[in-house]
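S.K.: Mind looking at a prediction? Sequence and model below.
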Amino acid sequence: MKIRNPKDFYSGLVFIFFGLLAVIISRDYPLGSAMRMGPGYFPAILGGLLTLMGLTIASRALLLSGDGIKAMAFRPLIMVLVSVVAFALLIRPLGLILATLALVVVSSLGGLEFRVREVLLLYVMLAALAVCLFVYSVGLPIKVWPL
Amino acid sequence: MPICLQCWAADQGLALIMELFNNLVLGFGVALTPINLLYCLFGVSIGTLIGVLPGIGPLATIAMLLPLTFNVPAVSALIMLAGIYYGAMYGGSTTSILVNIPGEAASVVTCLDGYQMARQGRAGPALAIAALGSFFAGCVATLIIALFAPPLAEVALKFGPAEYFSLMVLGLVSAAVLARGSLLKAIAMILLGLLLGLVGTDVNSRVRRFTFDIPDLFDGLNFVVIAMGLFAFAEIITNLERQEKSVVITDVQMRWPTRADLKASWKAVLRGTGIGSILGILPGGGAIISSFASYTLEKRLANLPARFGKGAIEGVAGPESANNAGAQASFIPMLTLGIPSNAVMAVMLGAMMIQGIVTGPQVMTARPDLFWGIIASMWVGNLMLVVINLPLIGIWIRMLTAPYRLLYPAILLFCCLGAYSLSNSPFEVALTAGFGLLGYIFAKLDCEPAPLLLGFILGPMMEEYLLRAMRLSRGDPTVFFTRPISLAMLMAAAFLLLLIIAPTVRRKREEAFK
């Protein structure tokens, strides 16, 4: 057995994972009958179909060859995701101004260049824009400062 | 007797035209109010801007700006969001022609001949024909919507749950067929999307499904979170992998096309408009496939196909008209049937739902102001685009010199704010990051995310219609095959699938996406 089409093979695995997950979880919900479908009916069908598709895609990948997967770029991936999660964690306790600082600085670390003055200038402009647009003009109830 | 028949037909025709006229008057009455003009202008300007900027597309922008429209009346909000979509089509062509960077996926083919024209010093005519072709296509598409939407909605109003379920199957199947890449993967992505759509409290049984006891999930996933994660975040990470390219900008002098240019391109504009209008209406269609199809057709019809790729003006005029017509025509199934034909329309549909509008054929009768207002605003917006864009090209191009390292933190911030303001919950922001990760993995595995979004929007509706159809038939699944309209739609779906498996069509499809 050789994986001839890695992209398709791993896609297949992802689909099988979600498909089986859906089937297993939806067993907790009443299935009902065809006439009175319960909340478990449709998800079970979908999960089954998804698993089936995943199996088809993965097994085809053993027969037909295709492109390999390009290397993951971990630095941008991690920096972008961490900056967003940091924003999520900080916005309630510390407010918009500081959460934005974390977002802009961390996400900028994911790029190729990091110029301190440029990033700080960008931060000041974005923070001002965000406060003006979202808080003052649209009036979303977002805490601006830590206190 | 024949005379009377003719009278009758003439009367009917006259009545139809009168009705259309009245509807358009109503629509323009809505679209031309100062506040809506302002929203339209704002929408098309933002659209042009993000069309010019390569790192961000209309879908992410609409998702991002959606929370800003919650307090705005529904008509104004949708006029603005629609403006972003077709505005992006204009902006995308500008950068394709001038710097060989498609700002928009639908402008990829415009690069081929548009950039060559620019290198030969004919950037002016290329830009002008792109704008004029788009404007013409926009006007025609607006008329087509006005003509075809009402009868379509009237038919759809008679649909029962079985017909609706089959219609959605057809819509999703053709979305998968017309999507880029592997058909099997597209179908799997749709199924995953349908499943994600079921997360939250079930309306019928009040059972909480796939919530993992997290209270933030009891109301289900928000489509804004999914759209921003899968499209905006994944795209930013992918862009950051590549080396930043510096953009060389040539001086652009605004020169109008010559008579020979116009003569060479008017037929291409007409054909492009036709292709765009047809492919836009089809579920799964829209701007991108229309532009590819038009380019292929123009190349095939040309006397000297070798000129293509070396600055043939038809290669700009056709696809640019087609993408604009396609973008606008794709509003037809969304507005009349409540079925999104592409991912942007799925987001528009979500925006309507957030505004509390019941989507589907009843929109036209329940909210004629909304329906006709949006349509009229498209025409107004197209006019604005021609008027503001041609003189402002220099400014748009200067935008391109903004380095991406300054751009993506701004996009991230607006996405985070957008996600947070959905329900003031940090959880939604973190969830967006989760979908960003998923989107990046899908991008690595060549799985198009658009079908997932369509499935997500249609998931709950599909379940509801399936449930109702089965209850009406007392549990007999043959109901989908015994009702003629439902059967026809399922057969059309099966036909599409068979078609794509046929080797010749498959080769054509692969060719078109190259």
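M.R.: Received the coordinates, thanks. Note that the structure is predicted; figures quoted are calculated from it, not measured. Numbers count the residues shown, from 1 in each chain, chains lettered A, B, ... in the order given.
S.K.: State which helix of chain A is the longest.
M.R.: For chain A, the helix with the greatest residue count under DSSP state H is helix A:41-63.
S.K.: Of all the residues in that helix, which ones are buried?
M.R.: Within helix A:41-63, the residues that qualify as buried are A:41-51, A:53-54, A:56-58, A:60-61, counting by 16 or more other CB atoms under 10 Å in any protein chain shown. (C-beta placed from N, C-alpha, C; glycine too.)
S.K.: mind checking pLDDT for the nearest residue to B:Asn342 once chain neighbours are set aside?
M.R.: Using CB to CB, 6 or more residues apart in numbering or on different chains and skipping the chain neighbours, the partner closest in space to B:Asn342 is B:Gly286 (3.9 Å). Note on B:Gly286: pLDDT of 75.
S.K.: What count of nearby residues applies to the one residue in the stretch 401-514 of chain B that gets nearest to chain A?
M.R.: Of all residues in the stretch 401-514 of chain B, B:Gly475 sits closest to chain A, at 3.2 Å by CB to the nearest CB. When neighbours are defined as other CB atoms under 10 Å in any protein chain shown, B:Gly475 has 14 of them.
S.K.: same deal with B:Arg474?
M.R.: 10.
S.K.: I'd say it and A:Met35 touch.
M.R.: Yes. If you go by CB atoms under 8 Å, B:Arg474 and A:Met35 touch, sitting 5.4 Å apart.
S.K.: that older thread, which strands and helices lie in contact with the next helix or strand after the longest helix of chain A?
M.R.: Next along the chain after helix A:41-63, taking DSSP states H and E as the criterion, comes helix A:74-94. Judged by 3 or more CB pairs under 8 Å, 6 or more residues apart in numbering or on different chains; DSSP states H and E, the packing partners of helix A:74-94 are helix A:96-108, helix B:234-241, helix B:404-423, helix B:426-444.
S.K.: residue closest to the middle of chain A?
M.R.: Geometric centre of chain A, nearest residue: A:Leu81, 8.4 Å, by CA atoms, centre = their mean.
S.K.: Kindly report the same for chain B.
M.R.: Closest-to-mean residue, chain B, CA atoms, centre = their mean: B:Val344 / 4.5 Å.
S.K.: any low-confidence regions in chain A?
M.R.: Counting by pLDDT under 70, chain A contains no low-confidence range.
S.K.: Just the mean pLDDT for the helix ranked longest in chain B, thanks.
M.R.: Determined from DSSP H, the single longest helix within chain B is helix B:123-157. Averaged across helix B:123-157, pLDDT comes to 87.
S.K.: Next: stretch B:467-475.
M.R.: 89.
S.K.: List the contacts of it.
M.R.: A:33-37, A:41-42, B:160-162, B:165, B:204, B:476-477, B:479-480 (CB atoms under 8 Å, 6 or more residues apart in numbering or on different chains).
S.K.: and the longest helix of chain A, does that touch chain B?
M.R.: Yes. Helix A:41-63 comes into contact with chain B (CB under 8 Å from any CB of the partner chain), by way of A:41-43, A:46-47, A:49-50, A:53-54, A:56-57, A:60.
S.K.: Just flag the most distant two among those.
M.R.: A:Tyr41 and A:Arg60 (29.2 Å; CB to CB).
S.K.: For the stretch 301-450 of chain B, what lies in contact range of chain A?
M.R.: Counting by CB under 8 Å from any CB, the residues of the stretch 301-450 of chain B near chain A are B:404-406, B:408-410, B:412-417, B:420-421, B:424, B:426-427, B:429-430, B:432-433, B:436-437, B:440-442, B:444-447.
S.K.: Show me how to select, in PyMOL, the buried members of those.
M.R.: Entered in PyMOL, the line below selects the buried ones among those, by 16+ other CB under 10 Å:
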select buried, chain B and resi 404+405+406+408+409+410+412+413+414+415+416+417+420+421+426+427+429+430+432+433+436+437+440+441+442+444+445+446+447
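S.K.: Any stretches of the stretch 201-350 of chain B with poor pLDDT?
M.R.: B:243-255, B:284-285.
S.K.: Quickly note the distance from the closest residue to chain A within it to B:Asp369.
M.R.: Chain A sits closest to B:Leu240 of the stretch 201-350 of chain B, with a gap of 3.5 Å, by CB to the nearest CB. Distance of B:Leu240 to B:Asp369, computed by CB to CB, to the nearest Å: 44 Å.
S.K.: who has more neighbours, the two?
M.R.: B:Leu240 (22 against 14).
S.K.: Got the phi and psi for the residue of chain A most remote from its centre?
M.R.: The C-alpha centroid of chain A is most remote from A:Met35, which lies 37.0 Å away (CA atoms, centre = their mean). A:Met35 adopts backbone torsions of phi -80, psi -40, taken as degrees, to the nearest 10.
S.K.: Please identify which helix or strand holds the closest residue to it other than its chain neighbours.
M.R.: Spatially, and ignoring its direct neighbours in sequence, A:Met35 is nearest to B:Gly475 (3.2 Å; CB to CB, 6+ apart). Using DSSP H and E, B:Gly475 falls within no helix or strand.
S.K.: got it, and A:Pro39?
M.R.: A:Pro39 belongs to no helix or strand, assigned by DSSP H and E.
S.K.: how many neighbours does residue 120 have?
M.R.: Using chain A here. 14.
S.K.: You answered for a different chain; I wanted chain B.
M.R.: Other residues close to B:Gln120 by other CB under 10 Å number 11.
S.K.: mind checking the SS state of the closest residue to it other than its chain neighbours?
M.R.: Closest residue to B:Gln120 apart from its sequence neighbours, by CB to CB, 6+ apart: B:Gly311 at 5.3 Å. For B:Gly311, the assignment made with DSSP: H, G, I helix; E, B strand; the rest coil gives coil.
S.K.: tally of neighbours for B:Gly311?
M.R.: Count around B:Gly311 with other CB under 10 Å applied: 19.
S.K.: Need phi/psi at it.
M.R.: Per-residue torsions, B:Gly311: phi 100, psi 40 (degrees, to the nearest 10).
S.K.: for B:Thr201, same thing?
M.R.: Dihedral angles (degrees, to the nearest 10) for B:Thr201: phi -80, psi 130.
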